[in-house]
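S.K.: Fold the following for me, if possible:
(one chain, ligands or ions: 1)
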Amino acid sequence: MAAHQEKKLAEERKHQNMQNDTKTSQGQWGRAWEVDWFSLASILFLLVFAPLIVYYFIMSCAQYQCSLTDPLLDLLKGDKHLSDIWNRTPRLTYRAAGIYSLWVAFQVVLYVSIPDFCHKFLPGYVGGVQEGAVTPAGVVNKYEINGLQAWIITHVLWFANASCFHFFSPTIIFDNWIPLLWCANILGYTVSTFAMIKGYFFPTNAKDCKFTGNFFYDYMMGIEFNPRIGKWFDFKLFFNGRPGIVAWTLINLSFAAKQQELYGEVTNSMILVNVLQGIYVLDFFWNEAWYLKTIDICHDHFGWYLGWGDCVWLPYLYTLQGLYLVYYPVQLCTAHAVGVLMLGLLGYYIFRMTNHQKDLFRRTNGNCRIWGKKPEYIECSYMSVDGTKYYSKLMTSGFWGWARHFNYTGDLMGSLAYCLACGFEHILPYFYIIYMTILLTHRCIRDEHRCSSKYGKDWKHYTAAVPYRLLPGIF
Ligand code: NDP
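M.R.: Take a look at the predicted model:
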């Protein structure tokens, strides 16, 4: 039995390494080879409107007390012109450019020059040099996993400055929020354009490039799978994780400091947002090695979607709750605050445990215990392009027996908790849950489409055994 399982495992590995000798097999990975009109229209829409959406949200907070409708009404009624709004928008400043350059340079230094030491003293933490998944060209990249260390060093320095050194005010991020937005945009566009040029002229691995012939699609979705400079500077890992996600918790701390400065206190809603999002960020860094195996790293190429998205969309729109609370310092009643905390912690628990169960199940090839029992699963098979049959397993017990993407459900519960912490006065802080619902539902459908083509009738057996996607009995 064990020998049989070993053989299957070896076949799985062999299959992974064999894939993508041909263009046809590469097509199973990552983004498309050919662009249909719907994808092109969506991409053009995002290229034009995503930067405007970010600007609109941040401007609404700065000029309209976080009302999303008032700017539109003003413009429609003719009370204001676009130029009025634009003229009141802070411009790029030397100070912001200096802060931002220092910030990014510091994160680059932490990323490339300090090998991980956290894994040497933190039991259970996986850091240091780790291998990523096999790329379409059959390359296995090595990554220096040192995000937790970068996060800890950055935050220790932040607190040291706030409590002892006072080199700068902890409100520095809020005070330069819009000038910093221009800097983030400059970096986002520069890195995306550089990645495109690099893909054409000096790719890290030419076999891992995809060209559709459509300029906009290639710019947006990326050409290179894993662009790198030198041996260790990996664009995807750095931009996905470092300037944006390390900054996420600092941005929230800066918003809390601003509340303190303006109102003489930090509200319980602000503390909740800081704590719940802080747990999510820490979880990301604690599990950075696991992150190497997620769709972002295993399937997406590096283009504007990741480059600009990580520099601008993530730090500016994922932190809207904290920004909102600077303008509306909501003090929640105890029952409301406890409800938000419980929802956030429960969501986090489900998110983490569901991901952990699948990870454990796949790592041990099902030889583990889930909720004290041997896991149940459906044996499934799939064919490679050369007609060889391979085997895998889809778990049908634990949280994976409740719904096919219960990890997304947990993520959505946590996201809803951040929004609920802001009370019910405005829609703006609820943007996050609306966005995450669209993102994760779309991702769920996209993933299931891929799994259905991969596993065929076995996927049908699996969906019959676990009929719901996100919410048992509903969807
Ligand atoms: P998943 O971790 O859910 O992985 C999906 C893959 O798992 C499938 O393609 C399939 O791969 C395998 N699989 C599916 N069902 C089973 C099963 N029953 N048993 C075993 N394996 C199965 O997807 P993601 O990488 O999208 O998500 C990772 C986490 O990241 C999620 O918790 C998500 O919430 C979070 N996330 C957060 C975002 C944010 O902006 N905050 C954005 C995106 C994700 P195979 O082909 O190997 O069978």
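S.K.: Only the buried residues of the helix or strand containing R352, if you could.
M.R.: Element membership for R352, per DSSP states H and E: helix 334-363. For helix 334-363, a neighbour-count test (16 or more other Cβ atoms under 10 Å) marks 336-337, 340-341, 343-345, 347-348, 350-358, 360-361 as buried. C-beta: built from backbone N, CA, C; applies to glycine.
S.K.: same question, stretch 270-284
M.R.: For stretch 270-284, using 16+ other Cβ under 10 Å, the buried residues are M270, I271, L272, V273, N274, L276, Q277, I279, Y280, V281, D283, F284.
S.K.: need the next SSE after the helix holding R352, C-terminal direction.
M.R.: Defined by DSSP H and E, the subsequent element after helix 334-363 is strand 377-383.
S.K.: ok, and does that following strand reach over to the ligand?
M.R.: No - using Cβ under 6 Å from any ligand atom, we find that strand 377-383 stays clear of the ligand, coming within 7.0 Å at best.
S.K.: That strand: how far from the chain's middle?
M.R.: When distances are taken as Cα atoms, centre = their mean, to the nearest Å, strand 377-383 is centred 29 Å away from the chain's centroid.
S.K.: From the contact counts, what lies against the helix or strand just after that strand?
M.R.: Proceeding N to C from strand 377-383, the next assigned helix or strand is strand 389-395, under DSSP H and E. In terms of contacts (3 or more Cβ pairs under 8 Å, 6 or more residues apart in numbering; DSSP states H and E), strand 389-395 is packed against helix 2-18, helix 334-363, strand 377-383, helix 457-465.
S.K.: Turn the ones you listed into JSON lines, columns for mean pLDDT.
M.R.: Shown next, in JSON lines, are the helices and strands packed on strand 389-395 (pLDDT from 0 to 100):
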{"stretch": "helix 2-18", "mean pLDDT": "43"}
{"stretch": "helix 334-363", "mean pLDDT": "95"}
{"stretch": "strand 377-383", "mean pLDDT": "86"}
{"stretch": "helix 457-465", "mean pLDDT": "92"}
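S.K.: Kindly report the residues of the stretch 1-150 of the chain close to the ligand.
M.R.: Applying Cβ under 6 Å from any ligand atom, we find that the stretch 1-150 of the chain lies next to the ligand at no residue.
S.K.: what phi and what psi does the backbone show at G213?
M.R.: Main-chain dihedrals, G213, degrees, to the nearest 10: phi 90, psi -10.
S.K.: Please apply the same query to E131.
M.R.: Dihedral angles for E131 - degrees, to the nearest 10 - are phi -100, psi 140.
S.K.: Equivalent analysis for the one 4 residues further on, please.
M.R.: Main-chain dihedrals, T135, degrees, to the nearest 10: phi -80, psi 170.
S.K.: shouldn't it be in contact with N141?
M.R.: Yes - counting by Cβ atoms under 8 Å, N141 is a contact partner of T135 at 6.9 Å.
S.K.: any idea how far L44 is from the ligand?
M.R.: The spacing between L44 and the ligand, counted by Cβ to the nearest ligand atom, to the nearest Å, is 23 Å.
S.K.: What is the subsequent helix or strand relative to the strand or helix carrying that residue?
M.R.: Secondary structure from DSSP H and E places L44 in helix 37-64. Using DSSP H and E, the helix or strand that follows helix 37-64 in sequence is helix 70-77.
S.K.: so what's the backbone phi/psi at the residue nearest to K236 when sequence neighbours are not counted?
M.R.: Distances taken as Cβ to Cβ, 6 or more residues apart in numbering place F302 nearest to K236, at 5.2 Å, with adjacent residues excluded. When quoted as degrees, to the nearest 10, the phi and psi of F302 stand at phi -100, psi 110.
S.K.: let's number from 471 now, not from 1
M.R.: Okay, using 471 as the starting number, the last item reads as F772.
S.K.: tally of neighbours for F772?
M.R.: A count of neighbours around F772, defined by other Cβ atoms under 10 Å, yields 27.
S.K.: That one touches F708, doesn't it?
M.R.: No - counting by Cβ under 8 Å, F772 stays clear of F708, with 10.2 Å between them.
S.K.: picking that back up, show me the one of the helices and strands packed on strand 859-865 that comes nearest G714.
M.R.: Smallest distance to G714 across the helices and strands packed on strand 859-865 (Cβ to Cβ): 19.3 Å, for helix 804-833.
S.K.: Quick check: which helices or strands does that closest one pack against?
M.R.: helix 738-756, strand 859-865, helix 869-872, helix 876-890.
S.K.: JSON lines for those, including distance to the ligand and mean pLDDT?
M.R.: Output for the helices and strands packed on helix 804-833, formatted as JSON lines (distance: least, Cβ to the nearest ligand atom, whole Å; pLDDT from 0 to 100):
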{"stretch": "helix 738-756", "distance to the ligand": "8", "mean pLDDT": "97"}
{"stretch": "strand 859-865", "distance to the ligand": "4", "mean pLDDT": "84"}
{"stretch": "helix 869-872", "distance to the ligand": "4", "mean pLDDT": "95"}
{"stretch": "helix 876-890", "distance to the ligand": "4", "mean pLDDT": "97"}
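S.K.: any chance of the ones you listed in CSV, plus distance to L618?
M.R.: Output for these, formatted as CSV (distance: least, Cβ to Cβ, whole Å):
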stretch, distance to L618
helix 738-756, 4
strand 859-865, 28
helix 869-872, 25
helix 876-890, 20
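S.K.: Spatially central, which residue of the chain would that be?
M.R.: Closest to where the C-alpha atoms of the chain average out (Cα atoms, centre = their mean) is N710, at 6.7 Å.
S.K.: how far away is that residue from the ligand?
M.R.: Distance of N710 to the ligand, given as Cβ to the nearest ligand atom: 10 Å.
S.K.: Look up how far V716 lies from that residue.
M.R.: Relative to V716, N710 is positioned 11 Å away (Cβ to Cβ, to the nearest Å).
S.K.: go on, Q577?
M.R.: 6 Å.
S.K.: joint contacts of those two?
M.R.: Shared between the contact lists of Q577 and V716 (criterion: Cβ atoms under 8 Å, 6 or more residues apart in numbering) are residues A620, T624.
S.K.: the more surrounded of these two?
M.R.: Neighbours per residue, other Cβ under 10 Å: of Q577 and V716, the larger number sits with V716, 26 against 19.
S.K.: follow-up on the earlier one: return the member of the buried residues of stretch 740-754 nearest to S571.
M.R.: Of those, the one sitting nearest to S571 (Cβ to Cβ) turns out to be V751, at 23.1 Å.
S.K.: Cool, thanks, signing off.
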